[in-house]
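Visitor: Need a 3D model of the sequence below.
(one chain, ligands or ions: 1)
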Amino acid sequence: MQTNKRYTNQTFTKRVDHEAGKHRSTRAGSEPQVCADCGNVYADRRWTKPGAPSNEAKHPHFRPPKTTICLACKAIRNATPSGYVHLSGKFLAAHREEIEQLLANEAARAAEDNPLGRIMNWDETKEAELTVTTTTEHLAQRLGHALEKAFRGKARYDFSHENKLAHVWWERD
Ligand SMILES: [Zn+2]
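Guide: Prediction:
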């Protein structure tokens, strides 16, 4: 006996991508906003450090800002970093000051582009190791690249997009 069952791909074609565009629908909220902790200002759909030209009262669209807590300060308050840079090796022990200065300088430069990227913590409990935590994945990655560029050595990058977490391991003996 012959069955007349038909197979269709209806279940697949009907599938709707519920996630599509979700991140875009997040509304920026009213502008401008100022962070109560660090004083960074959100205006023109981006965060800037206080005193940037568009934040000044002479700006044609100036309005008194609403108070908020920026994502970097939230991460610091909750002690939830998004990036880790793990440094190790003999070279670190011998050039520690120089290396820490490079990281601090690179973080300061990165903050010009995005003030939400910030170094949170320096774990210096071990002499031959250093762990730096950051408020953004991007800053951890950027610090890793800066280390490679300045001091060579070996860097490994591990990103978990689900958890929004970046680990960078840098080593030089
Ligand atoms: Zn802030």
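Visitor: max-length helix in the protein?
Guide: In terms of residue count, the longest helix belonging to the chain (DSSP state H) is helix 96-113.
Visitor: Checking my notes, residue 120 in a helix, right?
Guide: No: going by DSSP: H, G, I helix; E, B strand; the rest coil, the assignment for residue 120 is strand, not a helix.
Visitor: any idea of the pLDDT on it?
Guide: Here, the pLDDT recorded for residue 120 equals 96.
Visitor: That one and residue 136 touch, don't they?
Guide: No: contact between residue 120 and residue 136 fails when scored by Cβ atoms under 8 Å: they sit 10.1 Å apart. In this view, the C-beta of every residue, glycine as well, is placed from N, C-alpha and C.
Visitor: Neighbour count for these two, which is higher?
Guide: Using other Cβ atoms under 10 Å, the more surrounded residue of residue 120 and residue 136 is residue 136, with 21 against 18.
Visitor: Now do the same contact list for the closest residue to the more buried one other than its chain neighbours.
Guide: Nearest residue to residue 136 in three dimensions, chain neighbours excluded: residue 117, at 4.2 Å (Cβ to Cβ, 6 or more residues apart in numbering). Applying Cβ atoms under 8 Å, 6 or more residues apart in numbering, one finds that residue 117 lies in contact with 72, 107, 110-111, 134-136, 138-139, 142.
Visitor: closest to the ion among those residues?
Guide: Closest approach between those and the ion, by Cβ to the ion: residue 72, at 5.3 Å.
Visitor: helix, strand or coil for the closest one?
Guide: State at residue 72, reduced to three classes by three-state DSSP: helix.
Visitor: what about it, how many residues close to it?
Guide: 25.
Visitor: Do I have it right that it meets residue 116?
Guide: Yes: if you go by Cβ under 8 Å, residue 72 and residue 116 touch, sitting 4.4 Å apart.
Visitor: Verify the contact between residue 132 and residue 85 for me.
Guide: Yes: counting by Cβ under 8 Å, residue 132 does reach residue 85; the two are 4.4 Å apart.
Visitor: Could you pull out the residues contacting both of those two?
Guide: When contacts are counted by Cβ under 8 Å, 6+ apart, the set common to residue 132 and residue 85 consists of 103, 140, 143.
Visitor: and the strand or helix carrying the last one, what does it pack onto?
Guide: Residue 143 is located in helix 137-151, with elements delineated by DSSP states H and E. The helices and strands touching helix 137-151, judged by 3 or more Cβ pairs under 8 Å, 6 or more residues apart in numbering; DSSP states H and E, are strand 83-88, helix 96-113, strand 129-134, strand 154-160, strand 165-171.
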